[in-house]
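Participant: Just to be clear, the model below is a prediction. Sequence and coordinates:
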Amino acid sequence: MFGPPQTISRTDGGLNTAIGYRYVEDTLVSHADYVLRQNQIYSQAAYGRAGLWEIYGRLGVTDFKIFDAFRSASALTSTSKIHFDENWKFFGTLGAKAFYPVTAFFGAGVFAQASYNFSNFTDDVTGVTGTTPYMVDLKLRHVWDVNFGAALQATVPGGLRLYAGPYAYYRRADGDLSAAVFGLQGAMRDVSFKNKSAAGAFFGADIPLFKGFRLNIEGQYTDRFSCGSAVTYTY
Amino acid sequence: MRYCLSLILLFLMLVLWAGPEVCPAAGPAADGTVSSAPAAAAVEETKQDAFEEEYTEDEDDADDPFADKPVTIADPIEPFNRAMHTVNDKMYFWLLKPVARGYKVVVPEPARLSVKNFFFHLHYPTRLVSCLLQTDFAGAATETGRFFINTVWGIGGLLDPAGGGELLLKKQDTDLGQTLGVYGVGHGFYIVWPFFGPSSPRDSADILGNQALYPLSFLNIWYVSIITKSVETVNKTSLRLGDYEAVVEASIDPYIAIRNGYIQYRMKEVEERRARSLCFRKMDRDAPRPEAAQPEE
């Protein structure tokens, strides 16, 4: 979720807060291509001024699933499961955005946003390689991403804001297997995942509700489709 | 455990001892507490006479329908209360005030207000239970709405979006002492607790109730509650520096001033809560009114 490029805070400066949910899918590259899936729930606080700029921070929890991360590439190695799956862990996000109003109803903005997971994601797998049983765990440390983008925004009567634009991003998760197993992750201990695509597009709508509340709905497309929604409150 | 039981027993004894809420300043105490403590009653009576003599010229005010009804409270353990008042006073000037002043210098006001909001937010269970027991269901709903909005959009209660902007959900600043008051339980007598300050057996229910309904008290780490209570107290004091000093400077006997102020403030709060109560509001409305005195011909 990047939100509309123009802050929703009061023009003389003020806070806005949000509660949001985001469904993330992406393709990661390591020894092969893997699909990442995350469900994120977060709380956000932002300060904006003059309708021109905003800084924001988020604190939330996310799960982490990498499909086929434990799938064996060798017929000699069997595994008890094939997906890496870890439950809710905390993450934090910091971001900033700036907006240039071309007219009262139309403008353009840029943003930068970075997220970091405070905890490691760990999952283990058992199996047999040849005739030897094994049990290894994959620990992902330093899971983070950065995003830079630009967007055009149109405000339609009623206060509804529509926006869309391109963005570039980099996502990384460094980890290691507790032991190298033939057929698993290239039989290497060091495992690092990166995003396959470097850029994508996002689009969304920011809908006024009532008494200072707004609903933000957003979709993102890179290699796969992600979407999210947040309810914001302007102080 | 034994300590808690002793406290509860002591409290129950005090509540049973306690009578109606207040007694008129000009009349004898109606709760019997004075007669149970003859020495204290004599002192109280002497003070009452002196008070009446001093203010005889104000008799005209009795006809003033807008004049506040003077209220007071039995004070049979005044020597103990005065000692505790002195302890609290010294603790304020020697410890709490210097710490609060330092805290005020270091922490900016918006942050202190956020801390105050946060601690107020944590007392939601007490306010909810109090509203429900008072049959103030609108108040309970308002409190629940406030709690939800402030938790989600107020960053866990640090901010108060529910109380401002267009929402304007009013704080239900109520407690279990007020709840007992709404049910007609009297103060009993005045008591000054060390650390907690002015109270009465009835209002001491709030001290126990707060302990039972305060989420942080369920943490099994003993120092957490001490630290949080200290931070809450210092933070609250930093936002009110000068208020206590003003009362002390403006009064001849700060003990009496605080006692009277406390009892009047609590009585007003209980009256307000009773007016909001679904059950007692109706009872008060349906209750037969005392017949008006007929003018002499």
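Facilitator: Sure thing, it's come through. Numbers count the residues shown, from 1 in each chain, chains lettered A, B, ... in the order given.
Participant: residues from the stretch 1-150 of chain B in reach of chain A?
Facilitator: The interface of the stretch 1-150 of chain B toward chain A, taken as Cβ under 8 Å from any Cβ of the partner chain, is made up of B:Ile149. For the C-beta atoms, the positions are set from N, CA and C on the backbone; glycine is no exception.
Participant: Which single residue in the stretch 1-150 of chain B comes nearest to chain A?
Facilitator: The nearest approach of the stretch 1-150 of chain B to chain A comes at B:Ile149, 7.7 Å away (Cβ to the nearest Cβ).
Participant: So which elements touch the helix or strand where that residue lies?
Facilitator: Secondary structure here is read from DSSP states H and E; on that basis B:Ile149 sits in helix B:137-152. For helix B:137-152, the contact count by 3 or more Cβ pairs under 8 Å, 6 or more residues apart in numbering or on different chains; DSSP states H and E identifies helix B:109-122, helix B:124-133 as packing neighbours.
Participant: Now with 10 Å, please.
Facilitator: If you count contacts as 3 or more Cβ pairs under 10 Å, 6 or more residues apart in numbering or on different chains; DSSP states H and E, helix B:137-152 packs onto strand A:14-29, strand A:225-234, helix B:109-122, helix B:124-133, helix B:254-276, helix B:278-286.
Participant: any idea where the helices of the chain begin and end?
Facilitator: Using chain A. In chain A, no helices are defined using DSSP state H.
Participant: wrong one, chain B
Facilitator: Read by DSSP H, chain B holds these helices, from start to end of the chain: B:2-17, B:38-54, B:78-91, B:97-106, B:109-122, B:124-133, B:137-152, B:176-182, B:204-213, B:222-238, B:243-250, B:254-276, B:278-286.
Participant: Just name the most buried of the ones you listed.
Facilitator: Among the helices of chain B, judged by mean count of other Cβ atoms under 10 Å in any protein chain shown, the one packed with the most neighbours on average is helix B:176-182 (a mean of 25).
Participant: which secondary structure elements does it contact?
Facilitator: Using 3+ Cβ pairs under 10 Å, 6+ apart as the contact criterion, the secondary-structure elements in contact with helix B:176-182 are helix B:124-133, helix B:204-213, helix B:254-276.
Participant: Next, count neighbours for the closest residue to A:Leu76 other than its chain neighbours.
Facilitator: For A:Leu76, ignoring the flanking residues on the chain, the nearest one in space by Cβ to Cβ, 6 or more residues apart in numbering or on different chains is A:Gly130 at 5.5 Å. For A:Gly130, the tally of surrounding residues (other Cβ atoms under 10 Å in any protein chain shown) stands at 10.
Participant: Contact partners for the nearest residue to A:Gln113 once chain neighbours are set aside?
Facilitator: Beyond its immediate neighbours in the sequence, the residue positioned closest to A:Gln113 (Cβ to Cβ, 6+ apart) is A:Gly95, lying 3.6 Å away. Shown here is A:Gly95, whose contacts under the criterion Cβ atoms under 10 Å, 6 or more residues apart in numbering or on different chains are A:1-3, A:44, A:46, A:54-58, A:111-115, A:146-147.
Participant: Could you give the bridge partners of A:Gly95?
Facilitator: In this entry, A:Gly95 is beta-bridged to A:Tyr56, A:Gln113, by DSSP bridges.
Participant: Pairing partners for the longest strand that chain A contains, with directions?
Facilitator: Residue-count comparison of every strand in chain A, with assignments taken from DSSP state E, identifies strand A:132-156 as the longest. According to DSSP bridges, strand A:132-156 has the following sheet partners: strand A:106-117 (antiparallel), strand A:121-129 (antiparallel), strand A:160-177 (antiparallel).
Participant: I'd like the distance from the shortest one to the chain centre, please.
Facilitator: Looking back up the chat, that one is strand A:121-129. 26 Å (Cα atoms, centre = their mean, to the nearest Å).
Participant: Show me what counts as buried in it.
Facilitator: Residues of strand A:121-129 classed as buried: A:Phe121, A:Thr122, A:Asp123, A:Val125, A:Gly127, A:Thr129 (neighbour count, 16 or more other Cβ atoms under 10 Å in any protein chain shown).
Participant: Then the first one?
Facilitator: If you call a residue buried by 16+ other Cβ under 10 Å, then strand A:106-117 has these buried ones: A:Gly107, A:Ala108, A:Gly109, A:Val110, A:Phe111, A:Gln113, A:Ala114, A:Ser115, A:Asn117.
Participant: What pLDDT is listed against the closest residue to A:Gly186 other than its chain neighbours?
Facilitator: Distance criterion Cβ to Cβ, 6+ apart; nearest residue to A:Gly186, sequence neighbours excluded, is A:His31 at 3.8 Å. According to the per-residue confidence, A:His31 scores 79 in pLDDT.
Participant: List the contacts of A:His31.
Facilitator: So, once contact is read as Cβ under 10 Å, 6+ apart, A:His31 ends up touching A:Ala69, A:Ala73, A:Leu184, A:Gln185, A:Gly186, A:Ala187, A:Met188, A:Val191, A:Ser192, A:Phe193.
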